[in-house]
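S.K.: Mind looking at a prediction? Sequence and model below.
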Amino acid sequence: MGTAALVAYLVLAVLAVVQAFLVGMQTWEHRRFARNRFFCLNRSQPRGRAMVFAPCKGLDVGLEENLRRLFHQDYENYEITFVVQSVDDPACELIGQLRAENPDVPSYLVVAGHAEASGQKVHNLRVATSNLDERIDYLVFVDSDARPSLHWLRALLGSLSGKDPSRVGAVTGYRWFVPRERNLFSLLIAGINCRIAMLFGSRARYPVWGGSWAIRRDLFEEIGLPQAWSGTLSDDLVASNLLHQHERPVRFDPPAMVASPLKGTSIQLFSFLRRQYVIGRFYIPGWWGLGLLIVLAPNMAWAATVAMLAWALAVGSPLVWIPLIAGGLHYGLCVATAIIRQSLVGLYFPDLEDALKPARRLDIWAGPLVGLANMLGMLASVVGNQISWRGITYRLLPGGRVQIVKTDQPSLPPALPLPATDDALLPERSRPADLEQVA
């Protein structure tokens, strides 16, 4: 091996070790911040009325328990709006059952109709938020595949109703995947997701994650978020960009972390991973490009370490100690970081520790494999502008505009205007608009 190649390897190995150390420090900081926020959770007593929006399509894994949690939050002053595309959606029957079982929590069902010039989820949210009651102070958004804790809503609203709420644009949580099957790719996706979760911390400049977030109603209208959503695919990244443009920081609150059941074939899960990164490429290209560089560096270092070790063993070179030390140090830092990361399961989801043991073991001991899968997902997002999402194929255009290429659903008419109704016919505490609308 020439001197230039050896120097290049040493530079790459040092960069990888430094990066691994920094990731470890960020993970440690995330844990410190999370513990502190959970400690302070019981002191949070937000005030104001919240509307929770839950767009649904189909029967997600564990959907019944996911939606049931929404009716049992430890914050009393709220309502729930479920949103579907069609009355034929199989989720409608389940939603109806849960609403009947929980009459004390005002809840509604909006049938939004077929999206024509935007993503279906974005269309659903625009329809559902188009006729807000004057009493609503906060808008809260949750995905149907998210399983919130009982303190989830109070955690999201705590910072929004603090002493100086104008300093907070929105509050976001994030997800923690819980594989329902012990296949390799489910465990890899769970490991990748854990790593991304650790990037959130105590700072105040984060992207919104659309599965668990909240915003004040006045700010939602002031910045024109419904109008900004028009013609787009990503509800959360559009909100993130708009809030940052208006210099309204997005804060992460660890108690708003949600469990998310994960199930699917390897092809389905890899398609999901690529889709997430393709959306990022079109809506936050700077962060996407930085992320690509960050995932490339350690994988290149692992490849170079294996190649140098194989060469040194093959020729009997005394330099064999260099890749052994560099690779061992890199791997040791990755294992230590993963142990810290996985210790958070006991804080976030103590009831899921047994279910998450396989994912925990793979994340700790097979970190390079998780990193390789993540890199492949990002590389797959470099080319192409079409993605499939919940049975609809979209084409993403420059600027984040979107076209619907095809759908597996029958064509439905656009949503009708929300009809007015007599307040006396509605249950106490509900809004003066009939949201039981059929397109």
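M.R.: Structure's in. What do you need?
S.K.: going forward, measure contacts and count neighbours with C-alpha atoms only.
M.R.: Fine.
S.K.: How are the strands of the stretch 201-350 of the chain distributed by residue range?
M.R.: 212-216, 250-252, 258-262 (DSSP state E, counting those that start in this stretch).
S.K.: From residue 354, how far off is the closest residue to residue 15 other than its chain neighbours?
M.R.: Spatial nearest neighbour of residue 15, excluding adjacent residues (CA to CA, 6 or more residues apart in numbering): residue 297 at 7.7 Å. Distance of residue 297 to residue 354, given as CA to CA, to the nearest Å: 33 Å.
S.K.: And the pLDDT at residue 141?
M.R.: Here, the pLDDT recorded for residue 141 equals 98.
S.K.: I'd assumed residue 213 was in contact with it.
M.R.: Yes. Residue 141 sits in contact with residue 213 when judged by CA atoms under 8 Å, with a separation of 5.4 Å.
S.K.: So which of those two has more stuff around it?
M.R.: residue 213 (29 against 23; other CA atoms under 10 Å).
S.K.: Who's the closest spatial neighbour of the more buried one, skipping the chain neighbours?
M.R.: Here the residue nearest residue 213, using CA to CA, 6+ apart, is residue 172, at 4.2 Å.
S.K.: who's in contact with the one you found?
M.R.: Counting by CA atoms under 8 Å, 6 or more residues apart in numbering, residue 172 touches 156, 208, 209, 212, 213, 214, 250, 251, 252, 253, 256.
S.K.: Which one of the residues you listed sits in the busiest neighbourhood?
M.R.: Of the contacts of residue 172, with other CA under 10 Å as the count, residue 214 tops at 31 neighbours.
S.K.: Now do that residue, the pLDDT please.
M.R.: Looking at residue 214, the pLDDT reads 98.
S.K.: Residue 197 versus that one, what's the distance?
M.R.: For residue 214 relative to residue 197 (CA to CA), the value is 18 Å.
S.K.: same check, this time on residue 288
M.R.: The spacing between residue 288 and residue 197, counted by CA to CA, is 16 Å.
S.K.: Repeat that for residue 264.
M.R.: 21 Å.
S.K.: These two: which is more packed in?
M.R.: Higher neighbour count among residue 264 and residue 197: residue 197, with 19 against 16, using other CA under 10 Å.
S.K.: Let me see the contact set for the spatially closest residue to that one that is not a sequence neighbour.
M.R.: Leaving aside its sequence neighbours, residue 197 sits nearest to residue 174 (CA to CA, 6+ apart; 6.7 Å). Contacts for residue 174 (CA under 8 Å, 6+ apart) come out as 197, 209, 211, 212, 254, 256, 257, 258.
S.K.: Now residue 174, what are its backbone angles?
M.R.: Dihedral pair for residue 174: phi -160, psi 180, per degrees, to the nearest 10.
S.K.: in this protein, which ranges drop under the pLDDT threshold?
M.R.: Within the chain, the stretches with pLDDT under 70 are 1, 162-166, 409-439.
S.K.: what about the longest helix in it?
M.R.: helix 3-40 (DSSP state H).
S.K.: Now do the phi/psi pair for residue 401.
M.R.: Main-chain torsions, residue 401, degrees, to the nearest 10: phi -70, psi 160.
S.K.: Am I right that it is in contact with residue 234?
M.R.: No. Counting by CA under 8 Å, residue 401 stays clear of residue 234, with 9.6 Å between them.
S.K.: Comparing these two, which residue is more hemmed in?
M.R.: Comparing residue 401 with residue 234 by other CA under 10 Å, the one with more neighbours is residue 234, at 23 against 19.
S.K.: pretty sure the more buried one contacts residue 120?
M.R.: No. Residue 234 is beyond contact range of residue 120, at 9.9 Å (criterion: CA under 8 Å).
S.K.: between residue 297 and residue 354, who's got more neighbours?
M.R.: Taking other CA under 10 Å, residue 297 and residue 354 do not tie; residue 297 has more neighbours (16 against 10).
S.K.: Thought residue 16 was touching that one, still the case?
M.R.: Yes. The pair residue 297 and residue 16 passes the contact test of CA under 8 Å, sitting 6.4 Å apart.
S.K.: And the spatially most central residue of the chain, how close does it get to residue 196?
M.R.: In the chain, the residue lying closest to the centroid (CA atoms, centre = their mean) is residue 209, at 4.5 Å. Distance of residue 209 to residue 196, given as CA to CA: 11 Å.
S.K.: Next: residue 27.
M.R.: From residue 27 over to residue 196 (counting by CA to CA), the distance is 10 Å.
S.K.: Neighbours of residue 290, how many?
M.R.: Neighbours of residue 290 (other CA under 10 Å): 10.
S.K.: try the one 10 residues further on
M.R.: Neighbour count of residue 300, defined by other CA under 10 Å: 15.
S.K.: residues in contact with it?
M.R.: residue 12.
S.K.: try 10 Å this time
M.R.: 9, 12, 13, 16, 372 (CA atoms under 10 Å, 6 or more residues apart in numbering).
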